[in-house]
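Peer 1: Fold the following.
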Amino acid sequence: MRRVLSVGLLLTVFVLIDCRTVPPGTRVTPRAPTITIPARPPSGTVTPPTIRDTGPLTRKLVATAAERRTINRLMASMTLEQKIGQHFMGHIPRDGISDTMLRDIRDGLYSGFILYPWNYKDEKGVGELTHWLQTAALQGKPRIGLLLSADQEGGRVAAFRFPHLVRFPAAFYIGEYHDLGMAWSNGYINAVELRHMGLNMNFAPVLGLYPKPDSTIIGDRSMGPDPEVVSALGQAYIWGAQEGGIIPVAKHFPGHGAAKLDSHYDLPIVEYTKPELMAKDIRPFVAAIKAGVEVIMTAHILYPKIDPKYPVTLSTIFLKDILRKQLGFEGVVITDGLSMGALSKHFPLHETLRRAFDAGADILLDHAVYNVPSMVREVAAMVKDGEIPESTVDNGTRRILLLKLRHGLIPRSS
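Peer 2: Down below sits the predicted model:
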């Protein structure tokens, strides 16, 4: 069954590539590609794939002089609230978008949205929704498009399950092949399908390490327990997604596999020391950074032997000292959902917002419950009161605008 799936994925990629390179009107004679399928070695003897330092689309995440000029011009025209708005990704309520929400989108108080199955009925509905959202955002001044994302991992975590879409198994089963082409195809095909529906970001791949395909918080969402294998497959997935035109998001930094408690409900505690964490769980993220991943999502996990006070999402030690300084990540940091129990049960919203900005999170994900414009106003008040330096807001806004600029979300006339 797995061998059939592998051939199917490769054939799909070949067809997609042929379709985008054959001129319109050309008559194509179907041909069966020659594929040699090696016999899979016995369990435990598979050679791990190779981790690479660069990939086909790897580029520096630092703005060029021309990009800096564009971003500076944009920021000079933005209000404080609009700059803060770029730091928030919201959700669409089950009862739809109100006139007030539409006005807030046009006013630039949202950086983007995460989409859920209750936001649409079919694939056409997804395309209409994403087009409508982008149109509304680009009616504002300045004209800045939205990051539109979903959780499309495969297996039990898939926002889109339309009959004609490729139904990927959970990442653990793809990871068992130790095959870079499989991981690349997974990222690429997911990306093409999402892009076709108007999305530009996918909250995948999961880079946490986990030994078995169960239904725990990570479980079969992991590519496996071996950091070398997950690192290499994670790189391949990222490159495939980038080639397919989607922004992949590596999650959940620094790895959620060791946490037994579901952070949706309460705060997991992992008793790792920093050397233990660096030796294993964090390695797939090091590989992802080498691969040129542009966005990393944080985990709501407390590591008391590293930062005894704050979970990763709110920790300066993790986001500034380790992720930025030690690992050299220069891209965008996005949080997991703010209203998840790991944060909401232990920190007032005001403290969560202040600490997230202070720690170095760029985009705060409101996946449910909260109201983004209200949080924007609360952060603006903190800036005016001196609780959050405006320079902190500006630094993150620049990173977010660079990401949007490079992915065509800022029109040339803005």
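Peer 1: mind checking the SS state of the residue positioned nearest the centre of the chain?
Peer 2: What sits nearest the mean C-alpha location of the chain, by Cα atoms, centre = their mean, is Val249, with 2.3 Å. Classification of Val249 by DSSP: H, G, I helix; E, B strand; the rest coil places it in strand.
Peer 1: In this structure it contacts Thr298, no?
Peer 2: No. Contact criterion Cβ atoms under 8 Å: Val249 and Thr298 do not qualify, at 10.6 Å. Just so you know, the C-beta spots here come from the backbone N, C-alpha and C atoms, and that holds for glycine as well.
Peer 1: Overlap in contacts, those two.
Peer 2: Ile334 (Cβ atoms under 8 Å, 6 or more residues apart in numbering).
Peer 1: Not counting residues beside it along the chain, what's closest to Ala258?
Peer 2: Val270 (4.9 Å; Cβ to Cβ, 6 or more residues apart in numbering).
Peer 1: pLDDT wise, what is the one you found at?
Peer 2: Looking at Val270, its pLDDT reads 97.
Peer 1: For stretch 169-182, what is the distance to the chain centroid?
Peer 2: Taking Cα atoms, centre = their mean, to the nearest Å, the mean C-alpha location of stretch 169-182 is offset from the chain mean by 19 Å.
Peer 1: could I have it exported to PDB, CA atoms only?
Peer 2: Written as PDB, here are the backbone C-alpha positions of stretch 169-182 (Å, rounded to 0.1, in the frame of the first residue of the first chain):
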ATOM      1  CA  PRO A 169      -1.500  10.200   5.500                       C
ATOM      2  CA  ALA A 170      -0.200  11.500   8.800                       C
ATOM      3  CA  ALA A 171       3.400  12.700   8.700                       C
ATOM      4  CA  PHE A 172       4.600   9.700  10.800                       C
ATOM      5  CA  TYR A 173       3.700   7.300   7.900                       C
ATOM      6  CA  ILE A 174       5.500   9.400   5.300                       C
ATOM      7  CA  GLY A 175       8.400   9.700   7.700                       C
ATOM      8  CA  GLU A 176       8.700   5.900   7.800                       C
ATOM      9  CA  TYR A 177       9.900   5.800   4.200                       C
ATOM     10  CA  HIS A 178      13.000   8.000   5.000                       C
ATOM     11  CA  ASP A 179      12.500   9.300   1.400                       C
ATOM     12  CA  LEU A 180      13.200  12.900   0.600                       C
ATOM     13  CA  GLY A 181      11.100  12.700  -2.600                       C
ATOM     14  CA  MET A 182       8.100  11.700  -0.500                       C
END
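Peer 1: Now do the buried residues in that stretch.
Peer 2: Buried residues in stretch 169-182, counting neighbours by 16 or more other Cβ atoms under 10 Å, are found at 169-180, 182.
Peer 1: CSV for those residues, including secondary structure and pLDDT?
Peer 2: As requested, the buried residues of stretch 169-182 are exported to CSV (DSSP: H, G, I helix; E, B strand; the rest coil; pLDDT from 0 to 100):
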residue, secondary structure, pLDDT
Pro169, coil, 97
Ala170, coil, 97
Ala171, helix, 97
Phe172, helix, 97
Tyr173, helix, 97
Ile174, helix, 96
Gly175, helix, 96
Glu176, coil, 96
Tyr177, coil, 95
His178, coil, 95
Asp179, coil, 95
Leu180, helix, 96
Met182, helix, 95
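Peer 1: who's in contact with Phe285?
Peer 2: When contacts are counted by Cβ under 8 Å, 6+ apart, Phe285 touches 207, 250, 253-255, 296, 323, 327.
Peer 1: The same query, at a cut-off of 10 Å, please.
Peer 2: Going by Cβ atoms under 10 Å, 6 or more residues apart in numbering, Phe285 touches 207-208, 230-231, 234, 250-255, 293, 296, 322-323, 327, 329.
Peer 1: Check which helix or strand it maps to.
Peer 2: Counting by DSSP states H and E, the element that carries Phe285 is helix 283-291.
Peer 1: quick one: that helix to chain centroid distance?
Peer 2: Its chain's C-alpha centre and that of helix 283-291 lie 14 Å apart, by Cα atoms, centre = their mean.
Peer 1: Quick one: mean pLDDT over that helix.
Peer 2: For helix 283-291, mean pLDDT is 97.
Peer 1: can I get the buried residues of stretch 169-182 in JSON lines with distance to Ile334?
Peer 2: Formatted as JSON lines, the buried residues of stretch 169-182 follow (distance: Cβ to Cβ, whole Å):
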{"residue": "Pro169", "distance to Ile334": "26"}
{"residue": "Ala170", "distance to Ile334": "23"}
{"residue": "Ala171", "distance to Ile334": "19"}
{"residue": "Phe172", "distance to Ile334": "24"}
{"residue": "Tyr173", "distance to Ile334": "27"}
{"residue": "Ile174", "distance to Ile334": "24"}
{"residue": "Gly175", "distance to Ile334": "24"}
{"residue": "Glu176", "distance to Ile334": "29"}
{"residue": "Tyr177", "distance to Ile334": "29"}
{"residue": "His178", "distance to Ile334": "29"}
{"residue": "Asp179", "distance to Ile334": "29"}
{"residue": "Leu180", "distance to Ile334": "26"}
{"residue": "Met182", "distance to Ile334": "27"}
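Peer 1: Out of those residues, give me the two with the largest separation.
Peer 2: Of all pairs drawn from the buried residues of stretch 169-182, the one with the longest distance (Cβ to Cβ) is Ala170 and Leu180, at 18.3 Å.
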